[in-house]
Structures are given as C-alpha cells and as structure tokens.
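Undergrad: okay, sequence plus prediction incoming.
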Amino acid sequence: NAGVTQTPKFQVLKTGQSMTLQCAQDMNHEYMSWYRQDPGMGLRLIHYSVGAGITDQGEVPNGYNVSRSTTEDFPLRLLSAAPSQTSVYFCASSFLRGSEAFFGQGTRLTVV
Amino acid sequence: GQQVMQIPQYQHVQEGEDFTTYCNSSTTLSNIQWYKQRPGGHPVFLIQLVKSGEVKKQKRLTFQFGEAKKNSSLHITATQTTDVGTYFCAGPRTDSWGKLQFGAGTQVVVTP
C-alpha cells in the first residue's frame, strides 16, 4: 500500500515550458487535491476533484489544468511555466468529504 | 471568503518548555484538523476534532476545539527536539464540496 505517490520529486523548468506533475493514490479515495506551498503562505488549494470526471478550481487555479479520468490518478498540468510557479507542490487524497487528507511526498519545482 | 488564521507564525522554544499555538476560523467549522510537517517533508495528519469543546491528547500534545467551533489550540508540554516542524490547522470550507482550508502554519524551532 503506497498511499499517495507523486512524481517527479524535483524539477527545473525554463519559462514557457509545459509539464505534468503526476499523482496517484491506491486507497480508492474519491477526493483528491493539489496544493502549492510557499514560505509563510501555508498550503493553497489549486484544484480539487470529488471523483472521476469531476474537478473544481481552488484558490489559485490560474496557469494550471487538471483532469481526473480514473479514481487513482490526478495529474496537474502547467501550461506555460512562469517563475511565479516556483513552489513545492503537494497532492493529497481523502476518503470522505472534508476528512483527513493523506499527502504525497511533494514535488519541488523551480522555474528559471 | 472563509479564512483560517494561525498564531504565532514562528515559535522558538527552549527544550523542556511548554507552548501553545492557536487557530481561528472566520466561520464555524464542522471539524478542525491538525497536521505536522517536518522540515523538508510533507504534511502528516495528527488529529481531528469534531465536537464543540472537545479536548484530545496525544502524549505531550493537547488539542482543543472551541465552544463556538471557530477556534482551536494545540498545546505541547515539555517540548523535545522531535517537535520541530510546522503545525497546520485546517477546516472544511463551508461553500462547496468540503475542500480543506489550511492556516499558514506555526513554525516551531526548538533550542536544546
């Protein structure tokens, strides 16, 4: 039982490049989220999903896309990377609405 | 919109001392959750409080949920170096789908 798995762990992108951050969970959780963490700002919600085919925006969705084709996977796409997207990204999943969140190990992204 | 605030932002503690960190929500919460993130790590769930006035203990950690279910506190007694990290509180948003709203966290530094 791996829990929530994120790849890659580290990534450096050039401004304007696109990439996909992968997130997979093996706990059969319906609820999945993407957060970004910046110093002094806590965890800010980027996008959210309540099940396959259903996604919603969080606090800071601009510049990011998501899709949820399966229960297990919830990839986050950066369309055209900008230095302001330099951050640590965490994927999380929950079994119930508003319940305990299980986090992945995080992806440390630097955009130069 | 709904906000969750934590104070203090930083806490320097001498090993063996006690301290308390506070969490305040702008709206009534159905539950409050606490997470701990070690330096370089990912947030890990500690506890969830649901009932008004609820108090739960985990060894040297005491968690309390306010009577109005809008505030919470985490008290650590006899701080140890293993308590180093950032402590986040989080509550489900009331507007839609129970997305978790995180506070900015309290970063705890322990001096031996």
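TA: Looks like it arrived, so ask away.
Undergrad: excluding its backbone neighbours, what's nearest the residue nearest the centre of chain A?
TA: Nearest to the mean C-alpha position of chain A, counting by CA atoms, centre = their mean, stands residue A:34 at 3.0 Å. Excluding the flanking residues, the one nearest residue A:34 by CB to CB, 6 or more residues apart in numbering or on different chains is residue A:46, at 4.3 Å. Any C-beta I mention is one placed from the backbone N, CA and C, and that applies to glycine too.
Undergrad: okay, and the beta partners of the residue nearest to the centre of chain A?
TA: Under the criterion DSSP bridges, residue A:34 forms beta bridges with residue A:47, residue A:91.
Undergrad: list the contacts for it?
TA: A:21, A:23, A:45-48, A:58, A:64, A:66, A:74, A:76, A:89-92 (CB atoms under 8 Å, 6 or more residues apart in numbering or on different chains).
Undergrad: let's see it at 10 Å
TA: Taking CB atoms under 10 Å, 6 or more residues apart in numbering or on different chains, we find residue A:34 in contact with A:6, A:21, A:23, A:44-49, A:55, A:58, A:60-61, A:64, A:66, A:74-76, A:89-92, A:104, A:107.
Undergrad: please flag which of those residues sit within strands.
TA: A:6, A:21, A:23, A:44-49, A:55, A:64, A:66, A:76, A:89-92, A:107 (DSSP state E).
Undergrad: just the local confidence number for the residue nearest to residue A:34, please.
TA: On the pLDDT scale, residue A:46 is placed at 97.
Undergrad: to what extent is it buried, counted in neighbours?
TA: Using other CB atoms under 10 Å in any protein chain shown, residue A:46 is surrounded by 23 other residues.
Undergrad: got the contact list for it?
TA: A:33-36, A:57-64, A:66, A:76, A:87, A:89-91.
Undergrad: and with 8 Å instead?
TA: By CB under 8 Å, 6+ apart, the contact list for residue A:46 reads A:33, A:34, A:35, A:36, A:58, A:59, A:60, A:61, A:64, A:66, A:76, A:89.
Undergrad: what's the spacing between it and residue A:66?
TA: Note on residue A:46: its distance to residue A:66, by CB to CB, to the nearest Å, is 8 Å.
Undergrad: need the overlap of contacts for the two.
TA: Taking CB under 8 Å, 6+ apart as the contact rule, residue A:46 and residue A:66 both touch A:34, A:76.
Undergrad: one step back: could you dump the contacts of residue A:46 to TSV with pLDDT and distance to residue B:13?
TA: Formatted as TSV, the contacts of residue A:46 follow (pLDDT from 0 to 100; distance: CB to CB, whole Å):
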residue	pLDDT	distance to residue B:13
A:33	97	31
A:34	98	33
A:35	98	27
A:36	98	28
A:58	93	33
A:59	92	31
A:60	96	32
A:61	97	37
A:64	98	37
A:66	98	39
A:76	98	36
A:89	98	30
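Undergrad: interface residues of chain A facing chain B?
TA: Applying CB under 8 Å from any CB of the partner chain, one finds that chain A approaches chain B through A:31, A:33, A:35, A:40-45, A:48, A:50, A:56, A:58, A:90, A:92, A:94, A:97-106.
Undergrad: could you flag which of these are buried?
TA: Applying 16 or more other CB atoms under 10 Å in any protein chain shown to those, the neighbour count classes A:31, A:33, A:35, A:42-45, A:48, A:50, A:58, A:90, A:92, A:94, A:98-106 as buried.
Undergrad: enumerate every residue touching the residue nearest to residue A:28 when sequence neighbours are not counted.
TA: Among residues not flanking residue A:28 along the chain, residue A:71 sits closest, at 6.4 Å (CB to CB, 6+ apart). By CB under 8 Å, 6+ apart, the residues touching residue A:71 are A:28, A:29, A:30, A:51, A:52.
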